[in-house]
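Trainee: no FASTA, just this:
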């Protein structure tokens, strides 16, 4: 009887060791260079501030609300509530004085978006918004 | 996951152009209107004209509760022991608003305001019942009318 109790406790402890949440995904997965290429574009049409203005308009066009924006750091974070919740961070920085680099990364729920089409959709709309800003159309 | 652009109709519903003396004046009027509508400001980035605000308000609906009560009654009458449809009734909702107010690229002394709204509705057990963008034109119309009034008050009460 004593032995069976001990076995039960021991197996409980062993099982407890197995039932653990998945290890924290701290560093993400995938090729750093590939991800960067998919998520980035360079522009030489507008300055940083106007590019950020176009990026905010793009996010609003795509149904996002803006959570935070910081002109000094060039960051914008936005959320889109739908059947799934998407969070997007856009960073805009001066690349070499003349060019502005835009990078965007998105997550849907607990998963990073790795679908190239999502980023293409964003940049197609950003291109349009930048064209409108360049031509002074609100 | 594809991202679809909102229609021209939605965009024009969310956008209004105002005339104001200065960027500060219209931003102050926008902040005041956000407070008038009982939101808390979460973040402001003045150079980009971005104002983000949110509030938690009641989402309790008599109609919805009557429907769920009926479901529970039918469930009990059917002899089932686990009748708890009422717990999925909407309780609170978190509404998030972004208002972007920027000088117009076209006209002098003109400012363009664009508002986007979303909400998350929680049930009695704090589970998410609904997540959606708010696209009711009347809501946006009311917000822009409030901003017009706020601008008027601002212009007439400040030196």
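Mentor: It's in. A quick note: this is a predicted structure, and the numbers were derived from the prediction, not measured. Numbers count the residues shown, from 1 in each chain, chains lettered A, B, ... in the order given.

Trainee: now do the helices in chain B.
Mentor: With DSSP state H, the ranges of helices along chain B come out as B:8-14, B:23-36, B:62-77, B:137-157.

Trainee: for those helices, state which one has the densest average packing.
Mentor: helix B:23-36 (a mean of 19; mean count of other Cβ atoms under 10 Å in any protein chain shown). All C-beta spots, glycine's among them, are computed from the backbone N, C-alpha and C.

Trainee: mind giving me the packing neighbours of it?
Mentor: Here helix B:23-36 touches strand B:40-45, strand B:50-58, strand B:90-103, strand B:110-123, helix B:137-157, going by 3 or more Cβ pairs under 8 Å, 6 or more residues apart in numbering or on different chains; DSSP states H and E.

Trainee: thinking again about what came up before, turn the helices of chain B into CSV, columns for mean pLDDT.
Mentor: CSV is the format used below for these (pLDDT from 0 to 100):
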stretch, mean pLDDT
helix B:8-14, 92
helix B:23-36, 93
helix B:62-77, 77
helix B:137-157, 91
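
Trainee: tabulate these (CSV), appending distance to residue B:131.
Mentor: What follows is these, written out as CSV (distance: least, Cβ to Cβ, whole Å):
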stretch, distance to residue B:131
helix B:8-14, 18
helix B:23-36, 22
helix B:62-77, 17
helix B:137-157, 17
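
Trainee: hey, what's residue B:57 bridged with?
Mentor: Beta bridges link residue B:57 to residue B:93, judged by DSSP bridges.

Trainee: that one: neighbour count?
Mentor: Neighbourhood size, residue B:57 [other Cβ atoms under 10 Å in any protein chain shown]: 12.

Trainee: give me every residue that touches residue A:44.
Mentor: Contact analysis of residue A:44 by Cβ atoms under 8 Å, 6 or more residues apart in numbering or on different chains lists A:98-100.

Trainee: how about the helices in chain A?
Mentor: A:2-18, A:32-39, A:48-61, A:116-134.
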